[in-house]
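**Student:** This is a predicted model, with the sequence first.
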Amino acid sequence: MSDPVPLTTDHPGQVASATPPAPGWSRRLSDRWLTVAFISPALLLLLAMSVFPLLWALYLSFTDYSATRGGSAHFVWFENYTAILTSAQVHQRALTTLIYVVGAVTLQTVLGFTIAYLISRRTHGRGLLTTLFLIPMMLSPVVVGLFWRFMLDAQFGVINSMLGSLGLGQVEWLTRQQTALISLILVDTWQWTPFIMLIALAGLTAVPKYLYEAASIDRASEWFRFRTITLPLVWPLLLIAVLFRAIEAFRLFELVYILTSGGPGVSTETLSFHVYKVAFLGFNTGTASAYGILMVLIVIVLTQLYLRYLNKLKED
Amino acid sequence: MRYPKRLGRLSAAMLLATAVAACGGGTEASAPKAPATIPELTKDPLTLSFIWFEWPPAQALEAFANAEYTKDRPNVTIKVNTVPNANWHDAIFTQFAAHKTDFDIPILDSQHIGEAVTNGNIVDITDFVKQNIDVNAYNPYLLAAYGQFPQAETGKRDENASLYGLPLLGDTWTMIYRKDLIGDKPPQTWDEMIAAAAKCQADNPGVSGLAFHQANGSDAAAVTYNTVNGVYGGNLWDPKTRKIEGVLNDAAGQEAMDVLVNKMKPLTATGSGNWFIDEVNAAVAQGKACIAFNWIAASGGLLDPKQSTLGTTREEILGKLGFATLPSQKTNLVPLGGMGMHVSAYSSEANQAEALNFMKWFQQADIQKKWAAAGGVPSRTDALESPEFLNAGPFNKVYADSVPRMRDMWNVPEYARLVDIENTNVNAALNGAETPKDALNDIAKEQQAVLDSSGSKGGGGL
């Protein structure tokens, strides 16, 4: 009797070589070409949808090209970049965007972590509560913008109606400089706090139980446990959530478009909304491309600094 | 390893090929000419597509054209595609930018003509009009406003200028007033109107004196200021010297801005700083405004008892609502609204021929009267004076009386940026984000910079 054939092997590659491909296939379709064939669709899609538009926008950013005026693009080199970086209009939009990002992300982080902490302490109904809290995140920002626009309407909105029934006066949520940006931050917070909550909840549930048990034996206070066990262990994960939210908030467009159209005046115009106007109102494609590239660069640089801080935190 | 290098080369080659293909699209713009006579029409099934924004006249046009035009051309289906008002310009011009359109007849605001003509996006129909359209049947300014480029002087038509469109829907603002609150006789001057609104507001708690467009989207706040500017004797610009600075913000312009912000705005409802067509209509229909201003073409719904709290029948509503031409003050100018129809330069030959045929058909006297009866606002003088039009709605006489008083904005290629500057600054002034004087001076300065920077390189659009 011959030795039994092993059913498994520690070296899967050997199994493949044990059964040589049919002679015809090996000539026509080698492993190398098979690999190319498999990755080509994804590669083509990536090139066509991501890499090419980015490189094309980079090229256009050095020109005075306009998508509607036609004609050839003339190189203006760094003039678009210089104009954007020295424009008072852009500085104003950058400040608005900064206030929005800091306000929205801070509020979402505090609320999201608080909700996650409270949910993590519950033993019953945790799944149901988590699902309910996640609903706003599942909606389209345009839909969210539309129904909040109705709810915040000073005359016909339900929010002012509720304030009225409490004996409070009408608030012009979307048409006053002092309240319009706050309204945007509140609506964004309503929608995206669940994202922070979800990530924070994942971090909270991953904290080993034995640490809390040891702390209990040492009669550590609730605040001491939170400060020395919970927060340090959840912090890195929370920072990643903050990074994602900050990038998203930085390119805010939909809510501004639907809720305020950048108004009153230009007081809620963010950088993304301004790029849209440059790109589509005057079809200044070259300037808009430079503007877009600068925004990408800002995100990349800030993300790199942030990731370095995260890595340092991990090493410490 | 050789393999990643090959892949890299392959990727680079594909990128280069795509870039070359993309570069190939750039051609110098110039408006193509339509033939003087309509080419032979196809007998095959054909869909003639329009693009407009979402509002009642769009549905009325589709229903009317499919009912009437198909009697002559049974193989043709009319489709009126619509987009939200705020996306109207972008939806059309992004397709123009791609040099490929899914519409044959773009319905453009009169101010968009310059941009479309300069970029070669719409067809020059001058010869076609000469051969097929009775130009004497129109008020010359109506024909010029919806088709002529360069822009005509207010109230006139330059017969030597080229035409790129024909009127589809005429429009202007109407004053809507509560007969039961301020009386049957509408105010005749702007000052009287403000006084009547103030008294009405004081006498009727919960009802605001005025309702008008203030939003910073589309051209809402800009049209409001332009209207008051015209009534108080101001000018938007000097078209011959292309001067805005010093013209728009002269004494008359400043007075108009002061009236708008300091006299009219306090009579509006709290939080109405983002109101446009629908919100103004809602305020009227719910009995929340004494006097309102809105486009005539958007006013039909006010007489629908299902949408109104002013009465259970059309007659009952008409007992409370009156429609009148705008009051005058130093001048009697009113804003020109409405749109023209044009032919996309990127449509197929068969569809362009059908589009020209439709335009010729639409401008016939009897069809214009039928369009009036179907809820449209025609442009031919005989149709405007016809009982079909005058009896179709209580506001139609307002339009007929307003035609000789109309004034348009600029229709230069930079229109979209000019109107955005005006909209945002007027909106800022109306909502307390900027003083009226600063807002007007900023508009003049920024608009002048846009006109002066046309053709400069680098940073365009900022």
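**Tutor:** Here it is on my side, so go on.
**Student:** To what extent is the residue lying closest to A:Ser120 once chain neighbours are set aside buried, counted in neighbours?
**Tutor:** In space, and not counting its chain neighbours, A:Ser120 is closest to A:Leu204: 4.1 Å by Cβ to Cβ, 6 or more residues apart in numbering or on different chains. (Glycine included, C-beta is placed from N, CA and C.) Neighbour count of A:Leu204, defined by other Cβ atoms under 10 Å in any protein chain shown: 20.
**Student:** so which strand or helix has A:Leu204?
**Tutor:** In the assignment (DSSP states H and E), A:Leu204 maps to helix A:177-205.
**Student:** and that helix, what does it pack onto?
**Tutor:** The contact analysis (3 or more Cβ pairs under 8 Å, 6 or more residues apart in numbering or on different chains; DSSP states H and E) places helix A:177-205 against helix A:88-120, helix A:126-138, helix A:141-151, helix A:231-250, helix A:254-255.
**Student:** what's the burial count for whichever residue of the stretch 151-300 of chain B sits closest to chain A?
**Tutor:** Closest contact between the stretch 151-300 of chain B and chain A, by Cβ to the nearest Cβ, is at B:Gly271 (2.1 Å). B:Gly271 has 23 neighbouring residues, counting by other Cβ under 10 Å.
**Student:** I'd like to check which residues are in contact with it.
**Tutor:** Counting by Cβ atoms under 8 Å, 6 or more residues apart in numbering or on different chains, B:Gly271 makes contact with A:153-155, A:160, A:170, A:172-175.
**Student:** Intersect these with the contacts of chain B.
**Tutor:** Among these, the residues lying close to chain B (Cβ under 8 Å from any Cβ of the partner chain) are A:153-155, A:160, A:170, A:172-175.
**Student:** Among those residues, which lie within helices?
**Tutor:** Among these, the members falling in helices are A:Asn160 (criterion: DSSP state H).
**Student:** Which one (most neighbours) among the ones next to chain B among the contacts of B:Gly271?
**Tutor:** Counting neighbours by other Cβ under 10 Å, the top entry in the ones next to chain B among the contacts of B:Gly271 is A:Thr175, with 28 neighbours.
**Student:** So it versus B:Asp278, what's the distance?
**Tutor:** Distance, A:Thr175 to B:Asp278, using Cβ to Cβ, to the nearest Å: 16 Å.
**Student:** nearest residue to the closest residue to chain A within the stretch 1-150 of chain B other than its sequence neighbours?
**Tutor:** Residue of the stretch 1-150 of chain B nearest chain A, by Cβ to the nearest Cβ: B:Ala97 (3.8 Å). Closest residue in space to B:Ala97, ignoring its immediate chain neighbours: A:Ala67 at 3.8 Å, by Cβ to Cβ, 6+ apart.
**Student:** Contact partners for the residue in the stretch 301-450 of chain B that chain A sits nearest to?
**Tutor:** At 2.7 Å from chain A, B:Ala428 is the closest residue in the stretch 301-450 of chain B, using Cβ to the nearest Cβ. Taking Cβ under 8 Å, 6+ apart, we find B:Ala428 in contact with A:263-267, B:216, B:434, B:439.
**Student:** Of those residues, which belong to helices?
**Tutor:** Counting by DSSP H, the part of the contacts of B:Ala428 found in helices is B:Ala439.
**Student:** number of nearby residues for the residue lying closest to A:Thr68 once chain neighbours are set aside?
**Tutor:** Excluding the flanking residues, the one nearest A:Thr68 by Cβ to Cβ, 6+ apart is A:Phe283, at 4.2 Å. Applying other Cβ under 10 Å, we find 26 residues neighbouring A:Phe283.
**Student:** Likewise for the one 10 residues further on?
**Tutor:** Using other Cβ under 10 Å, the number of residues around A:Ile293 comes to 19.
**Student:** now A:Thr106
**Tutor:** Applying other Cβ under 10 Å, we find 13 residues neighbouring A:Thr106.
**Student:** For it, give its distance to chain B.
**Tutor:** 25 Å (Cβ to the nearest Cβ, to the nearest Å).
**Student:** what residues are up against that residue?
**Tutor:** A:Thr106 touches nothing, counting by Cβ under 8 Å, 6+ apart.
**Student:** again, but for A:Leu255
**Tutor:** Applying Cβ under 8 Å, 6+ apart to A:Leu255 gives the contacts A:141, A:144-145, A:184, A:187-188.
**Student:** that older thread, need the winner for burial among the helices and strands packed on helix A:177-205.
**Tutor:** Counting by mean count of other Cβ atoms under 10 Å in any protein chain shown, helix A:254-255 has the highest mean neighbour count of the helices and strands packed on helix A:177-205, with a mean of 21.
**Student:** and it, what's its mean pLDDT?
**Tutor:** Taken as a whole, helix A:254-255 has a mean pLDDT of 96.
**Student:** what's the average pLDDT for the helix or strand just after that helix?
**Tutor:** For helix A:254-255, the succeeding helix or strand toward the C-terminus, using DSSP H and E, is helix A:271-280. For helix A:271-280, the mean pLDDT works out to 95.
**Student:** And stretch B:151-159, by the same measure?
**Tutor:** When pLDDT is averaged along stretch B:151-159, the result is 88.
**Student:** ok, back up a step: tabulate the ones next to chain B among the contacts of B:Gly271 (a markdown table), appending pLDDT.
**Tutor:** Converted to a markdown table, these look like this (pLDDT from 0 to 100):
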| residue | pLDDT |
| --- | --- |
| A:Asp153 | 94 |
| A:Ala154 | 93 |
| A:Gln155 | 89 |
| A:Asn160 | 96 |
| A:Gln170 | 89 |
| A:Glu172 | 96 |
| A:Trp173 | 97 |
| A:Leu174 | 97 |
| A:Thr175 | 96 |
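**Student:** nearest to A:Ile196, of the ones next to chain B among the contacts of B:Gly271?
**Tutor:** For these, the residue nearest A:Ile196 by Cβ to Cβ is A:Trp173; the value is 23.8 Å.
**Student:** and the closest one, what does it touch?
**Tutor:** Shown in contact with A:Trp173 (Cβ under 8 Å, 6+ apart): A:152-154, A:157, A:159-160, A:179-180, A:183, B:271.
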